[in-house]
Each structure stands twice: as structure tokens, then as C-alpha cells.
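**Q** I'll drop the sequence and a predicted model, then ask my questions.
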Amino acid sequence: MTYDHIHPRSKGGETIFANLCLACRSCNEFKADSTEAIDPLSGEKTPLFNPRQQRWSEHFAWNADATRVEGLTTTGRATIVCLRMNNPVIVVARRRWTISNWHPPDDVF
């Protein structure tokens with residue numbers, strides 16, 4: 001895991017607790033300094049998910065075998081695309097974690 005600035009420093013974000021979250025390295029690199037993305041369903045530009053202000057379960061769900069994240073809202077779908085949350089490498093990892101009972105998490109906040 002890496003620390004991510006929710007509102008990027010390049011866009012005036014501060015390095016304070018309220019503006020930081022943990023992210024997997026891959027998601028953090030794909031996010032870069034993005035704060036919004038296009039929802040693939042509606043075509044609308046929408047803010048990315050903010051884990052400090054929003055609940056994961058309101059924007060995302062696991063598919064049946066818990067290997068892919070599904071977007072429930074414009075924010076969820078846009079975030080999944082922008083961060084490439086279902087890239088092939090992470091989907092394979094989630095499959096392995098599921099076999100080991102490490103995934104999915106019991107509680108997603």
C-alpha cells in the first residue's frame with residue numbers, strides 16, 4: 001500500500017491526515033493527479049471516490065466470485081475505470097486471495 005493524496009498536491013492538496021488514504025500502488029499510479037473521470041455508462045464527468053467522505057458500499061460491490069469491483073454509481077464506475085481497479089493482474093491476485101480466504105474483506109467502510 002502507498003499513501004495517496006485524495007486532492008493531489010499538484011492541484012493544491014495538502015499533506016494532512018484528512019487528505020490522505022491508503023491505496024494499492026497500481027491504483028495510485030493510474031490515478032496520478034486525477035480528481036474526476038468519465039463514467040462509461042452515462043458519459044458524464046464525475047468526481048472520483050473519496051474514501052474520507054463517502055462509503056465504499058454505496059459506490060461499489062464485488063461480483064459473484066469477488067474478483068472484480070462493480071460500480072453502483074457514476075462515481076463508482078468512473079473511479080473503477082480511472083484507477084483500472086479490474087486490471088488483469090489484480091483480478092488474478094484477488095482470485096488467489098479468495099482461495100486463501102484473505103478476500104473479500106469482511107467489512108468495507
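**A** Okay, I see it. Not measured: the values here are computed from a predicted model. Numbering: from 1, shown residues only.
**Q** How about Ile38, nearest residue that isn't a chain neighbour?
**A** In space, and not counting its chain neighbours, Ile38 is closest to Lys45: 5.7 Å by C-beta to C-beta, 6 or more residues apart in numbering. For glycine as for every other residue, the C-beta is placed from the backbone atoms N, C-alpha and C.
**Q** what's the neighbour count on the one you found?
**A** The number of residues packed near Lys45 is 11, by other C-beta atoms under 10 Å.
**Q** cool, Thr74 as well?
**A** Residues near Thr74, counting by other C-beta under 10 Å: 20.
**Q** So which residues of this protein form helices?
**A** Counting by DSSP state H, one finds helices in the chain at the ranges 25-31, 56-59, 74-83, 88-99.
**Q** Packing partners of the first one?
**A** Yep, that's helix 25-31 we're talking about. Judged by 3 or more C-beta pairs under 8 Å, 6 or more residues apart in numbering; DSSP states H and E, helix 25-31 is in contact with strand 2-5, helix 74-83.
**Q** Can you list the low-confidence ranges for the chain?
**A** Where the chain drops to pLDDT under 70, the residues are 107-109.
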